[in-house]
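# Give me coordinates for this.
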Amino acid sequence: MSIQAVIWDLGGVLVRTENYVPRRTLAGRFGMTFEEIEDFVFSGESGNRAQRGEISVEQHWENQRKELGLSPVEMQVFRDQFWQGDRLDTDLVAYIRQLRQSYKTGLLSNAFSDLRAVVSEIWKFADAFNEMIISAEVGLVKPDPRIYHLALERLGVVPEAAVFIDDYIHNVEGARAVNMHAIHFRDPQQTRSELQDLLNGSRP
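Okay, the predicted model is just below:
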């Protein structure tokens, strides 16, 4: 069956931490390792609830502020420094825009409730996708099979006609478990090469 849709993760794929110094410095200030401060933001109770849409992103950051004992101004400094080393891969976004001329494209991200606004109004690349499926909006997180099926439904394709790309292997395996093609993102060149092989191989 020919490939009809290419679905992308965001964090670690389209947006990647390229400068680790700000986040490592921030972690040291609060007596955490790099991994611990990422878990604190993304994977603690508050972060997990925010990714499932059970609380807003504003409530999540307020929970974190109280746990750290910071003032609102200090918390804003924390947030700014946490994201400071992240970069949007504009070349990869341009590639997705090209893909959209021939294939349906989607974004499938475990993310907080503000992601759609960030993609649309700050990074300004919502036009690269036919659909954006954001965990906080739909109440499901990868690798729950239901979120993959929802993405497929919104794009109007069957699993065998879709490719999913993610940097976390358990999310890649989740996609494969519902019969999607999937690529484990390690770097842009490797991913584009593997994707092109799939797209070429699917042509009649």
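
# Now do the buried residues in the longest helix along the chain.
If each helix of the chain is counted by residues according to DSSP state H, the longest one is helix 188-202. Of the residues in helix 188-202, those buried by neighbour count under the rule 16 or more other Cβ atoms under 10 Å are T191, R192, E194, L195, L199. No exception for glycine: its C-beta is placed from N, CA and C like everyone else's.

# What of stretch 7-19?
Residues I7, W8, D9, L10, G11, V13, L14, V15, R16, T17 are the ones in stretch 7-19 that count as buried (16+ other Cβ under 10 Å).

# any chance you could map the strands in this structure?
Remark: strands of the chain, listed N- to C-terminal, are 5-8, 15-17, 86-88, 104-109, 131-134, 162-166, 181-184; assignment by DSSP state E.

# Could you export those to a markdown table, including columns for mean pLDDT and distance to S56?
Listed next are the strands of the chain as a markdown table, based on pLDDT from 0 to 100; distance: least, Cβ to Cβ, whole Å:
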| stretch | mean pLDDT | distance to S56 |
| --- | --- | --- |
| strand 5-8 | 98 | 25 |
| strand 15-17 | 97 | 21 |
| strand 86-88 | 97 | 21 |
| strand 104-109 | 98 | 17 |
| strand 131-134 | 98 | 13 |
| strand 162-166 | 98 | 25 |
| strand 181-184 | 98 | 31 |
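
# could I get the ones you listed as TSV with distance to M75?
Converted to TSV, the strands of the chain look like this (distance: least, Cβ to Cβ, whole Å):
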stretch	distance to M75
strand 5-8	30
strand 15-17	20
strand 86-88	18
strand 104-109	24
strand 131-134	23
strand 162-166	30
strand 181-184	35
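
# closest one to I37 among those?
Closest to I37 of these is strand 15-17 (Cβ to Cβ; 11.6 Å).

# and that closest one, how far out from the chain's middle?
Here the centre of mass of C-alpha atoms in strand 15-17, compared against the chain's by Cα atoms, centre = their mean, to the nearest Å, lies 10 Å away.

# Equivalent analysis for stretch 48-59, please.
On the basis of Cα atoms, centre = their mean, stretch 48-59 is displaced by 15 Å from the centre of the chain it belongs to.

# can you check stretch 6-20 too?
Centre-to-centre, stretch 6-20 and its host chain are 6 Å apart (Cα atoms, centre = their mean).

# now what about it, what contacts it?
The contact list for stretch 6-20 (Cβ atoms under 8 Å, 6 or more residues apart in numbering) reads 23, 34, 84-89, 92-93, 96, 99, 103-111, 115, 119, 129, 142, 151, 155, 162-168, 171, 180, 185, 191, 195.

# Mind doing that once more with 7 Å?
The contact list for stretch 6-20 (Cβ atoms under 7 Å, 6 or more residues apart in numbering) reads 23, 34, 85-89, 92-93, 96, 99, 103, 105-109, 111, 151, 162-167, 171, 185, 195.
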